[in-house]
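Undergrad: Just need the structure, nothing else, for what follows:
(chains A and B)
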Number of protein chains: 2
Amino acid sequence: MNPLDYLKENEAKSLEQLKDLLRIPSVSAQTAHKKDMESCAQWVADYLKKLDFKAEILDTGGHPVVFGEYHKSDDLPTILIYGHYDVQPADPLELWKTAPFDPIEENGYLIARGATDDKGQFFAHLKGAESYLKTAGSLPLNIKFMIEGEEEVQSENLPLFIEKNKDKLAADVVLVSDGSQFGIDLPAINYGLRGIAFVEVKVTGPDRDLHSGSYGGVIANPVNVLAKLIGQLHDDEGRIAIDGFYDNVYTSSDWEQNQLANLPFDADEYLATTGSPKYRGEKGFTPLEHTWIRPTLDCNGITGGYQGEGAKTIIPSWASTKITMRLVPDMRPDEICDKIEAYLKKICPDYVTLKVIKHGGGNPVQVPTDGPWLKAAAKAVKTAFGKDPFFTKEGGSIPVVETFSAVLGLDTLLIGFGQHDDNAHSPNERFLIKDFHRACQTSAALFDELSKVKV
Amino acid sequence: MNPLDYLKENEAKSLEQLKDLLRIPSVSAQTAHKKDMESCAQWVADYLKKLDFKAEILDTGGHPVVFGEYHKSDDLPTILIYGHYDVQPADPLELWKTAPFDPIEENGYLIARGATDDKGQFFAHLKGAESYLKTAGSLPLNIKFMIEGEEEVQSENLPLFIEKNKDKLAADVVLVSDGSQFGIDLPAINYGLRGIAFVEVKVTGPDRDLHSGSYGGVIANPVNVLAKLIGQLHDDEGRIAIDGFYDNVYTSSDWEQNQLANLPFDADEYLATTGSPKYRGEKGFTPLEHTWIRPTLDCNGITGGYQGEGAKTIIPSWASTKITMRLVPDMRPDEICDKIEAYLKKICPDYVTLKVIKHGGGNPVQVPTDGPWLKAAAKAVKTAFGKDPFFTKEGGSIPVVETFSAVLGLDTLLIGFGQHDDNAHSPNERFLIKDFHRACQTSAALFDELSKVKV
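TA: Modelled structure (predicted):
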């Protein structure tokens, strides 16, 4: 029997096993669930052990990482599969149709906390591995599982854990399934994330708030000055006006342009979900290009002077803003922090003092579009779904992907099997049962495809 | 004996009487001093009665107003003298050299809470009246005293009181002594205050904070947009760019330009007191002109998005700012609120929604510089001080002066006898004893001069 047939025959059993996993209320944020977290880690480790993986539960300082390894041959590729066994808190309970940790099936969905985020998705890869071990008797390549327990609490111990376990985690590529397809029956592979650079900007004028009657008109107002500086960060066509900001922006390839053009993206519908009256993007680009392949600059917050009710007639002593910029290949956060600082210093008038705190950030990441990993993933998706995947990007960052890139030097394949309306962090979290099974099949097919990559 | 000689002969006694008044801890802000407030009002009323004034203690809903009237003749001018018998709290007590309500004399100063603000100053006018009554046997004109008890708590009941007592308060001119000279031995008469207009501006984009990764670059950021709007409120030379903003700005007279040019004003010293690195004013005007005779626009506060520690990567749903504009003759607050609203609507892009809340404000006030009141006041000052006063203005507003103008239709003579370093709201409040005596003499001389004005 081949692995895919094994998965098909065992669909009912796989689903029951997933339900077992979902019954463990592994809520990382709530200390009352500490024992459940331990049970859940143990459940995953035990499952791996049954599959002939060497499995360990490794301390991180917080909730542990379950690490499993199956080594077939030094000549074969090694894939590092990341997932997380912790889940979001279930509150507010009254909005659930059913008990969040008592999975039910309804209209083709499996409903339970953690169904799509991320138990259903990482468990699919355990099933993918199982399908080989139960049929061929061994895996076609080397696999390492790293299933963490703190993703829903910002993975605060993970970067150090990865740093400390570089050798143990060494691999050729990372696989993460913790997201969504482009839509129902629209499987997608994400090959890129934007990076980020973060600065705080403070403008100071007088050494205290001044009476705006006595001093208004002669002492510069830091709120007005900061506003004018911010206003000069974009030109009238939505381009960022910082000198050299676009110097290292990559040129989108023909391949990428084709992918973008072929996506079934409804711009009006997307705008409507934001409540914003109209798009405002850099001239000459489409909404998807704005969010995926072009850099941005946003003030995430601004503060200065009196913000309570009514009037307080002051010239505030200072005003400040937090600015994050989203970066695309081949921009670097330190470079961009330096450039915004230089630009602001250049345009800031001398009747205030300017301070720019440069916090750095994270690099953009992009899996080479002409490399073997994307091709292998695409074939595997086609095998499982019967159709070619879309190739997508993400406008935000996923910190663990940046860590894999920065610390382990690895590309990450992001193949999400969920849907955008799976209620990942909300009541009635769900996962399409057919998506779970197709995820299992994609996993098995992917191991086959990846095993053929020359490393 | 003439009134001025009477004052000279009785200087020691006058000072002791002032000390009696200062010993009453009439702190309007603290309910523990309610009885002291009543005692103080009674003290003032009793003093007026001894001078043959008809005196009443009038309810305001808060601390009462002491009203005293001496009517000489329907053919003579009537002067309404405003002052306040309440004082600031004395805290922090440990910073006082002496007990705040136990006046002492030191280096020519009388030190006590209320010495300059405002007991020493309004009492000088009681002494001015007394000097006539004790020598000539009657006043040379009609005088009304309105001494309130809530100036240090924003006079919240006063506007309604004035409105309700229009007839009782009817007069030809108002006299207020509750401020400072231009410097030591530099007496000054203030003939103008700027008005004010207040708006709040809110820019809204998406209907909630959005993830700046997923939406950055395509959904307009209200903080950035508001900042750009604010940046367009001034041009590069410091002029306000709102259409028609300067339409009704008066032309400063030659007389005013002479006054400004002759003031012993040290611009560097003034700048140093603010801690600001450099002046920033409308091109073509001096610092005193910027603060006294030109209109302004200041953001008193701005708020939007995340203002806590660290980063939060959002496109804020909205951002807002509070803007006050200082007005000079003949600008009107409603006119200016309408103009800024129209301008902002014109320049605001359609990818956000704009809301301008117009709060109106107060008119600028200016005593006619060629009218009789300023001339009379100048002569009186010269008599008492032996030198001509400076004519000054104030960049801020004094609400009660606007009320006198708006409700009673009266000009106000502002003759402050204090000094800028009298610690009016701080520990060790003080009043130069020679200034107190010159205030009494100015008062007597002023009654004489005002009595000659044809009304």
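
Undergrad: Let me know the secondary structure of the residue of the stretch 251-400 of chain A found nearest chain B.
TA: Here the stretch 251-400 of chain A gets closest to chain B at one residue, A:Gly396, 2.2 Å apart by CB to the nearest CB. All C-beta atoms are positioned from the backbone trio N, CA, C, and that covers glycine. Under DSSP: H, G, I helix; E, B strand; the rest coil, A:Gly396 falls in the coil class.

Undergrad: I'd like the distance from it to B:His359, if you could.
TA: Using CB to CB, to the nearest Å, one obtains 40 Å as the distance from A:Gly396 to B:His359.

Undergrad: what do you get for A:Leu126?
TA: 64 Å.

Undergrad: Then A:Thr274?
TA: Per CB to CB, A:Thr274 is found 31 Å from B:His359.

Undergrad: Then A:Arg239?
TA: 37 Å.

Undergrad: which one is the residue sitting nearest the centre point of chain A nearest to, not counting chain neighbours?
TA: In chain A, the C-alpha nearest the mean C-alpha coordinate belongs to A:Ile398, at 3.2 Å (CA atoms, centre = their mean). Leaving aside its chain neighbours, A:Ile398 sits nearest to A:Leu193 (5.8 Å; criterion: CB to CB, 6 or more residues apart in numbering or on different chains).

Undergrad: Could I get the phi/psi values of the closest residue to A:Thr313 other than its chain neighbours?
TA: Spatial nearest neighbour of A:Thr313, excluding adjacent residues (CB to CB, 6+ apart): A:Ser212 at 4.5 Å. Backbone torsions of A:Ser212, given as degrees, to the nearest 10, read phi -70, psi -10.

Undergrad: you'd agree A:Ser212 is up against B:Thr296?
TA: Yes. Counting by CB atoms under 8 Å, A:Ser212 touches B:Thr296, with 7.3 Å between them.

Undergrad: In the helix of greatest length in chain A, which residues are buried?
TA: Counting residues, the longest helix in chain A under DSSP state H turns out to be helix A:433-451. Buried positions in helix A:433-451, judged by neighbour count with 16 or more other CB atoms under 10 Å in any protein chain shown: A:433, A:435-451.

Undergrad: what residue of chain A is the furthest out?
TA: A:Ser214 (51.8 Å).

Undergrad: measure that residue to B:Asp298 for me?
TA: 12 Å.

Undergrad: Any stretches of chain A with poor pLDDT?
TA: Along chain A, segments meeting pLDDT under 70 are nowhere present.

Undergrad: any idea how it splits into domains?
TA: A:3-193+A:365-451, A:195-249+A:295-362 (automatic domain parsing).

Undergrad: can you pull out the strands in the stretch 201-350 of chain A?
TA: A:210-211, A:298-305, A:314-315, A:318-327 (DSSP state E, counting those that start in this stretch).

Undergrad: If you could redo that for the stretch 51-200 of chain A, that was the one I meant.
TA: So, for the stretch 51-200 of chain A - with DSSP E, counting those that start in this stretch - the strands run A:54-58, A:65-70, A:78-84, A:104-106, A:109-111, A:142-148, A:173-176, A:188-193, A:195-204.

Undergrad: what comes into contact with stretch A:250-264?
TA: With CB atoms under 8 Å, 6 or more residues apart in numbering or on different chains as the test, stretch A:250-264 has contacts from A:182-183, A:186, A:286, A:288-289, A:292-293, A:328-330, A:369-370, A:390-392.

Undergrad: Tell me the one of these nearest B:Gly108?
TA: Comparing the contacts of stretch A:250-264 against B:Gly108 with CB to CB places A:Val328 closest, at 72.4 Å.

Undergrad: Just give the number of residues close to that closest one.
TA: Look at A:Val328: counted by other CB atoms under 10 Å in any protein chain shown, it has 24 neighbours.

Undergrad: I'm done for today, thanks for sticking with me.
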